[in-house]
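[1] predicted model, plus sequence, below.
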Amino acid sequence: MNISKYKPLVLIAGTVILLDQVAKMLVVDRISLYQSIPVIPGFFNLVHTQNPGGAFGFLAGQNQGLRIVVFVIFSFLAVGIIFYFYKKSAESHSFLSWGFALIFGGALGNLIDRIRFGTVTDFLDFYIGDFHWPAFNVADSAITVGITIFLYHLLLNKVPK
């Protein structure tokens, strides 16, 4: 097994996890729950919310035990699938493998929250007027960038065969 092909995975995913967990810790320690701090008025606030559901509040209204089981199982499956795709692409498609490493790190960052707290801390709030994008975090951002890189490769037919 070629360990060197996993260096980017460890470095990128590790950086995402570290930045995500430190940012969430700072938010929890310094911003009261539901508090909003304007950074760029009319566009961006720092907030402190706890998301018990998935993306866009998926399953937020369900029983906490069910949510935790579903999201932990889904996260472990996603991490396993992303790791598999990373292994297939690491040597031949480095940019794509970086995308998978971002998704991997983001999934683990949110999984850590779900296991520790049963919810995920979100704190980045972008909006224009009354239109607010759902609050998100560093892990969500890494997943989004990673998926964008994957879609770029998929659309241009640049995926490993």
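    Looks like it arrived, so ask away.
[2] T15 and G109: what is the separation?
    11 Å (C-beta to C-beta, to the nearest Å). Bear in mind the C-beta positions are built from the backbone N, C-alpha and C, glycine included.
[3] what about L124, which SS state?
    Look at L124: counting by DSSP: H, G, I helix; E, B strand; the rest coil, its state is strand.
[4] bridged to it, which residues?
    Beta-bridge pairing for L124 (DSSP bridges): L46, F136.
[5] I'd say it and A135 touch.
    Yes - at 6.2 Å, L124 and A135 qualify as touching, with contact defined as C-beta atoms under 8 Å.
[6] now for those two: what residues contact both?
    V47 (C-beta atoms under 8 Å, 6 or more residues apart in numbering).
[7] so for T15 and G109, which sits in the more crowded spot?
    G109 (26 against 15; other C-beta atoms under 10 Å).
[8] per-residue pLDDT of that one, please?
    For G109, the pLDDT comes out at 95.
[9] tell me the contacts of S94?
    P8.
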